[in-house]
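Asks: could you look at this predicted model? Sequence included:
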Amino acid sequence: MIVTTPTDREIVLAKEFAAPRRLVFEAHTRPELLKRWFGPHGWRLAVCEIDLRPGGAWYYLLHGPRGARMTLRGTYVEIAAPERIVTTESNVDCEARADHETLATVVLTEHAGRTTLTNTVRFPTREIRDAVLASGMEHGVAEGFERLADLLVVLSDPAGKARAVRAGR
């Protein structure tokens with residue numbers, strides 16, 4: 001995963017996956033798939049509610065180690081399947097972000113059966129962006145993307161499913 005900060009209020013996360021963008025899009029928009037990969041290792045997406053339409057709400061509740069919780073919520077601003085998802089997001093449990101919304105734009109670009117995901121997150125202030133960077137968000141997203149990559153292998157390649165099971169993933 002590549003992480004950049006192109007402006008004082010943005011974080012851009014980019015990752016290439018060995019799967020068609022249709023599958024990557026579905027993994028971001030279907031609750032039963034999100035529950036299989038979203039969040040860092042040791043965390044579980046316990047509640048995943050999605051009203052996938054512009055103006056529709058989404059709500060995630062993650063359970064982590066030692067009773068930790070993370071509540072994320074937002075609204076879909078734009079959906080252009082399978083190439084673009086724009087949402088607002090609030091992290092209810094994070095003191096720096098509880099009262100502030102970010103704008104996240106996920107763009108999926110496919111080339112030769114591989115998909116590059118670019119997520120541009122725009123924060124209300126530089127201070128909030130910096131607090132998110134300091135929180136370890138990059139590490140948690142990278143772990144979630146590892147889990148997503150494994151899931152995409154299973155979804156896109158039946159032979160890959162057997163390899164993933166043998167590897168203990």
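Replies: The structure has been received and is ready for your questions.

Asks: list the buried residues for the strand ranked longest in the chain?
Replies: If you go by DSSP state E, the chain has its longest strand at strand 69-80. Neighbour counts using 16 or more other Cβ atoms under 10 Å place 70, 72-76, 79 of strand 69-80 among the buried residues. All C-beta atoms are positioned from the backbone trio N, CA, C, and that covers glycine.

Asks: go on, stretch 36-43?
Replies: Those would be 36-40, 43, for stretch 36-43 by 16+ other Cβ under 10 Å.

Asks: swap in stretch 125-132?
Replies: Here stretch 125-132 shows 128-132 as buried, counting by 16+ other Cβ under 10 Å.

Asks: ranking helices and strands of this structure by mean pLDDT, which lands last?
Replies: Among the helical and strand segments of the chain, the one scoring lowest on mean pLDDT, DSSP states H and E is helix 158-166, with a mean of 53.

Asks: helix/strand/coil for His100?
Replies: coil (DSSP: H, G, I helix; E, B strand; the rest coil).

Asks: tally of neighbours for the closest residue to it other than its chain neighbours?
Replies: Among residues not flanking His100 along the chain, Pro124 sits closest, at 4.9 Å (Cβ to Cβ, 6 or more residues apart in numbering). Residues lying near Pro124 (other Cβ atoms under 10 Å) number 14.

Asks: measure Pro124 to His41 for me?
Replies: 29 Å (Cβ to Cβ, to the nearest Å).

Asks: and what of Val92?
Replies: 22 Å.

Asks: also Ala18?
Replies: 20 Å.

Asks: now Glu127
Replies: 29 Å.

Asks: what do you get for Ala131?
Replies: In terms of Cβ to Cβ, Ala131 sits 23 Å off from His41.

Asks: check the residue nearest to His100 and give its pLDDT.
Replies: Reading off the confidence values, Pro124 has pLDDT 94.

Asks: on that earlier part again, show me the buried residues of stretch 36-43 that map onto helices.
Replies: Per DSSP state H, helices hold no members of these.

Asks: mind listing the helices for the chain?
Replies: 21-29, 31-34, 126-134, 137-156, 158-166.

Asks: just say which of these is most tucked in.
Replies: helix 21-29 (a mean of 20; mean count of other Cβ atoms under 10 Å).
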